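Chemist: make a model of this:
(4 chains)
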Number of protein chains: 2
Amino acid sequence: MAESFSNPTLADVARHAGVSTATVSRTLNLPDHVNPLTRERVTTAIRELGYTPNYSARALASNRSNTIGAVIPTIDNAIFARGIQAFQEELSESGVTLLIASTGYQPDQEEEQIRNLVARGVDGLMLIGTHRHESIYAYLKDRRIPYVLTWCVDGMGHPYVGFDNRLAAQSLARRVIALGHQRIGMIAGISKYNDRSADRIVGVRDAMSEAGLDRNDLILTERHYTLTAGGQALEEITKFHPDVTAVICGNDVLAAGAILTARQLGIGVPERLSITGFDDIELASAVNPALTTIHVPHRRMGQFAAQKLLALRDDPTSRIESMEMETDLIERQSLGPPRAGF
Amino acid sequence: MAESFSNPTLADVARHAGVSTATVSRTLNLPDHVNPLTRERVTTAIRELGYTPNYSARALASNRSNTIGAVIPTIDNAIFARGIQAFQEELSESGVTLLIASTGYQPDQEEEQIRNLVARGVDGLMLIGTHRHESIYAYLKDRRIPYVLTWCVDGMGHPYVGFDNRLAAQSLARRVIALGHQRIGMIAGISKYNDRSADRIVGVRDAMSEAGLDRNDLILTERHYTLTAGGQALEEITKFHPDVTAVICGNDVLAAGAILTARQLGIGVPERLSITGFDDIELASAVNPALTTIHVPHRRMGQFAAQKLLALRDDPTSRIESMEMETDLIERQSLGPPRAGF
DNA sequence: TTGTATGCGTTATCAA
DNA sequence: TTGATAACGCATACAA
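Modeler: As a prediction, this is how the structure comes out:
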């Protein structure tokens, strides 16, 4: 009962079952290559001893860790949380465990964490966004570590499972402009070191240019992704740029913050001011008025990213085929035409 | 440049530096036990070869993985996300990587994931809540795997870093009752397999008993932690129990959903109906009216849990001293006295 | 189908 | 302070 001070090993099981360690290993990894009767003996021995394989030894011997890493800015953000959760669930079904590391949006931290996970022998890596030092990509290529970029698309040939932030933002802004808005504000995420946020800004500007507006007329402010930051930004914009009739937000959290604050300030949405979001998290439809936003299939993205990585693990000669997910413009009540008289 | 097909090993470094593998290992792990000059030779060799230690081998040889596991219901929940993020940051500072697994609130899944992480050689485990099969605790004890329970306290002697859900909920309910509310509703989380949710319900009932009310008069409904579920539950309660004047919610997400829906239904909060939350996430103060709720120090809880586990890793003879975090009743505008005339 | 023997990359013990 | 060398627990090529 309590006499064993260390875990039973393969050898213990082998002895107990009266077979060799190789046979035990086989019944674990290649069950059909072993006689049903001996297999039975081995499995009972495993059960009786409460044997659990030592993954470190397994990883060392097989050069495979059954572990996949994810390096993300932060877990504490609804958008990443959802995608990562789906990613993890998908991995789990294949017996792969997720190693997770966060960077706080700091590039040097990202590089360190990537090296860390590689040293830990991950079989693959999920990265977020496309913008990082070329040396990191070279490092990964040298070590033959499969990776997939997410939450973005990529033009440099790196495999990705994601969506085009620029195009999505552009399509939303296009709709805003089509409704007649001319003075447009934007509350974006911090774009430094964040290509997703930067791309969304460019998308909005592109829509302006396309419509004959001056892309430099965009009233832009960048904030961290919090409700209060969104609210403060909205207050500023309405104060210093009262002629703005529509505020495009870099994500739903900023937009929800903006809406809540607008109501508190007595600013009618969308009569006086239209507000839009990005991501379509649950909050987007719960807030009042509900947010017009871009729907992003976060969960599916996480699932597919996992599948690609798993496929590559099972057949290292294959290549990851990049995959661009569709995003949809979801029209709700927070966006309307600008009203004359205001 | 591109000629090496596999990572350099300790032996490569040793050869390159003209020393033994033992010396290389020492300069890595016990730098002061090695001559500064040879240390210099070794470190340059490491740099020149781009050597990174193989963690699997290290784990196998040293019987330490520098890895700590967390088994949580889901990452996709603001409350867990925050605590886990803090937990991960704290581990990261000590060079420990977080292995993460989720259970979807299913007890059998939890057991499987725990065994999985143990097999992977985690040096410690963060678990959420206290209610699980005794055999799991026995398993952990047998293997001498340190663990710490979080988001709860425990009366069975298991180490924890958390808070008393029952007492916190009781203090909030006490305040609700003190304001004069007699007919009380509760929108709780699903309490099956979730001791935190169950404890909060008990806390509310205790406050009722304490005040001379019948604890069975609580109008209780249990929901998943989503905004829409909170909204639907509120609609039900107001419809079938119009005499209820205060609705206590199991967490802020449910409460926020209830508030948003109440406004849409034209139900004045708190004039006609008081609504309270639990957790004090950002949403709690952003919603209108702002939520009266229980503040829980999620980040600090995550940090301390990590510290306890790390301490135990560095000194396996020590014991984890359990730690009960304080929670605070935060009074905002969503709770008021019941108004006569309604 | 099964067993033998070797190697995976470190750490750690023991001598020198 | 350094170097041989034996574990660590498993997978796998090869032989039987």
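
Chemist: how close does A:His181 get to A:Arg166?
Modeler: Here A:His181 is placed at a distance of 20 Å from A:Arg166 (Cβ to Cβ, to the nearest Å). C-beta coordinates here come from the backbone N, C-alpha and C atoms, glycine included.

Chemist: same check, this time on A:Tyr147
Modeler: Distance of A:Tyr147 to A:Arg166, given as Cβ to Cβ: 22 Å.

Chemist: same check, this time on A:Asp315
Modeler: A:Asp315 sits 33 Å away from A:Arg166, taking Cβ to Cβ as the criterion.

Chemist: with A:Ala61 instead?
Modeler: A:Ala61 is 46 Å from A:Arg166, by Cβ to Cβ.

Chemist: more neighbours, the two?
Modeler: A:Arg166 (21 against 12; other Cβ atoms under 10 Å in any protein chain shown).

Chemist: helices or strands up against the helix or strand containing the more buried one?
Modeler: A:Arg166 is part of helix A:165-178 when elements are defined by DSSP states H and E. Under the contact definition 3 or more Cβ pairs under 8 Å, 6 or more residues apart in numbering or on different chains; DSSP states H and E, helix A:165-178 sits against strand A:184-189, helix A:195-210, strand A:246-249, strand A:274-276, strand A:293-295, strand A:328-330.

Chemist: and chain B, is the third one touching that?
Modeler: Pointing back at strand A:246-249 there. No: using Cβ under 8 Å from any Cβ of the partner chain, strand A:246-249 stays clear of chain B, coming no nearer than 14.2 Å.

Chemist: who touches that strand?
Modeler: Strand A:246-249 has contacts (Cβ atoms under 8 Å, 6 or more residues apart in numbering or on different chains) with A:169, A:172-173, A:176, A:179, A:181, A:183-188, A:204, A:230, A:234, A:237, A:255, A:258, A:273-278, A:335, A:338.

Chemist: so which of these reach DNA strand C?
Modeler: Among the contacts of strand A:246-249, none lies close to DNA strand C by the criterion of Cβ under 7 Å from any atom of the strand.

Chemist: now list the buried members of those residues.
Modeler: A:169, A:172-173, A:176, A:181, A:184-188, A:204, A:230, A:234, A:237, A:255, A:258, A:273-278, A:335, A:338 (16 or more other Cβ atoms under 10 Å in any protein chain shown).

Chemist: is it true that A:Asn165 touches A:Ile201?
Modeler: No: using Cβ atoms under 8 Å, A:Asn165 is not in contact with A:Ile201; the gap is 9.3 Å.

Chemist: those two: which has the busier surroundings?
Modeler: The residue with more neighbours, out of A:Asn165 and A:Ile201, is A:Asn165; 27 against 21, by other Cβ under 10 Å.

Chemist: so for stretch A:200-215, what gets flagged as buried?
Modeler: Residues of stretch A:200-215 classed as buried: A:Arg200, A:Ile201, A:Val202, A:Gly203, A:Val204, A:Arg205, A:Asp206, A:Ala207, A:Met208, A:Leu213 (neighbour count, 16+ other Cβ under 10 Å).

Chemist: swap in stretch A:42-56?
Modeler: A:Val42, A:Thr43, A:Ala45, A:Ile46, A:Leu49, A:Tyr51, A:Thr52, A:Pro53, A:Asn54, A:Tyr55, A:Ser56.

Chemist: near DNA strand C, anything from that stretch?
Modeler: No: judged by Cβ under 7 Å from any atom of the strand, stretch A:42-56 stays clear of DNA strand C, getting no closer than 8.5 Å.

Chemist: domain parsing for chain A?
Modeler: Chain A breaks down into these domains under automatic domain parsing: A:10-53, A:66-163+A:298-326, A:165-295.

Chemist: of all those domains, which one is nearest B:Ile219?
Modeler: domain A:165-295 (22.9 Å; Cβ to Cβ).

Chemist: any idea how far apart the tips of that closest one sit?
Modeler: 11 Å (Cα to Cα, to the nearest Å).

Chemist: pLDDT of it, averaged?
Modeler: Domain A:165-295 shows a mean pLDDT of 97.

Chemist: ok so, going back, so which of the helices and strands packed on helix A:165-178 is nearest B:Glu326?
Modeler: Judging these by Cβ to Cβ, what sits closest to B:Glu326 is strand A:184-189, at 33.6 Å.

Chemist: Provide the contact partners of the closest one at residue level.
Modeler: Taking Cβ under 8 Å, 6+ apart as the rule, strand A:184-189 contacts A:173, A:176-177, A:196-197, A:200-201, A:204, A:208, A:213, A:217-225, A:230, A:233-234, A:237, A:241, A:244-251, A:254-255, A:258.

Chemist: could you rerun that using 7 Å?
Modeler: The set of residues external to strand A:184-189 that reach it, using Cβ atoms under 7 Å, 6 or more residues apart in numbering or on different chains, is A:176, A:197, A:200-201, A:204, A:218-223, A:225, A:230, A:233-234, A:237, A:241, A:244, A:246-251, A:254, A:258.

Chemist: near DNA strand C, which residues of chain A show up?
Modeler: Counting by Cβ under 7 Å from any atom of the strand, the residues of chain A that sit close to DNA strand C are A:18-23, A:26, A:32-35, A:37-39, A:57, A:60-61, A:63.

Chemist: other SSEs contacting the helix or strand harbouring A:Thr228?
Modeler: Assessed by DSSP H and E, A:Thr228 sits inside helix A:227-240. Packing partners of helix A:227-240 (3 or more Cβ pairs under 7 Å, 6 or more residues apart in numbering or on different chains; DSSP states H and E): strand A:184-189, strand A:219-223, strand A:246-249, helix A:252-264, helix B:282-286.

Chemist: same thing but at 6 Å, please
Modeler: Applying 3 or more Cβ pairs under 6 Å, 6 or more residues apart in numbering or on different chains; DSSP states H and E, we find helix A:227-240 packed against strand A:184-189, strand A:219-223, helix A:252-264.

Chemist: tell me the angle of the last one relative to helix A:227-240?
Modeler: Between helix A:252-264 and helix A:227-240, the angle formed by their directions is 50 degrees, by axes from the mean of the first three to the mean of the last three Cα atoms, to 10 degrees.

Chemist: helix A:252-264 near chain B anywhere?
Modeler: Yes: applying Cβ under 6 Å from any Cβ of the partner chain, one finds helix A:252-264 in contact with chain B at A:Leu260.

Chemist: list the buried residues of that helix.
Modeler: In terms of neighbour count (16+ other Cβ under 10 Å), helix A:252-264 has its buried residues at A:Asp252, A:Val253, A:Leu254, A:Ala255, A:Ala256, A:Gly257, A:Ala258, A:Ile259, A:Leu260, A:Thr261, A:Ala262, A:Arg263.

Chemist: returning to what we had before: dump the domains of chain A to TSV, plus distance to B:Thr327.
Modeler: Below are those laid out as TSV (distance: least, Cβ to Cβ, whole Å):
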stretch	distance to B:Thr327
domain A:10-53	38
domain A:66-163+A:298-326	20
domain A:165-295	22
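
Chemist: can I get the ones you listed in TSV including distance to DNA strand D?
Modeler: TSV is the format used below for the domains of chain A (distance: least, Cβ to the nearest atom of the strand, whole Å):
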stretch	distance to DNA strand D
domain A:10-53	3
domain A:66-163+A:298-326	10
domain A:165-295	39
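
Chemist: columns distance to B:Tyr160 on top of the helices and strands packed on helix A:227-240, output as TSV?
Modeler: Formatted as TSV, the helices and strands packed on helix A:227-240 follow (distance: least, Cβ to Cβ, whole Å):
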stretch	distance to B:Tyr160
strand A:184-189	37
strand A:219-223	37
helix A:252-264	32
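
Chemist: distance of the residue nearest to A:Tyr225 when sequence neighbours are not counted relative to A:Leu335?
Modeler: Sequence neighbours aside, A:Val253 is the residue nearest to A:Tyr225 in space, at 5.1 Å (criterion: Cβ to Cβ, 6 or more residues apart in numbering or on different chains). Note on A:Val253: its distance to A:Leu335, by Cβ to Cβ, is 17 Å.
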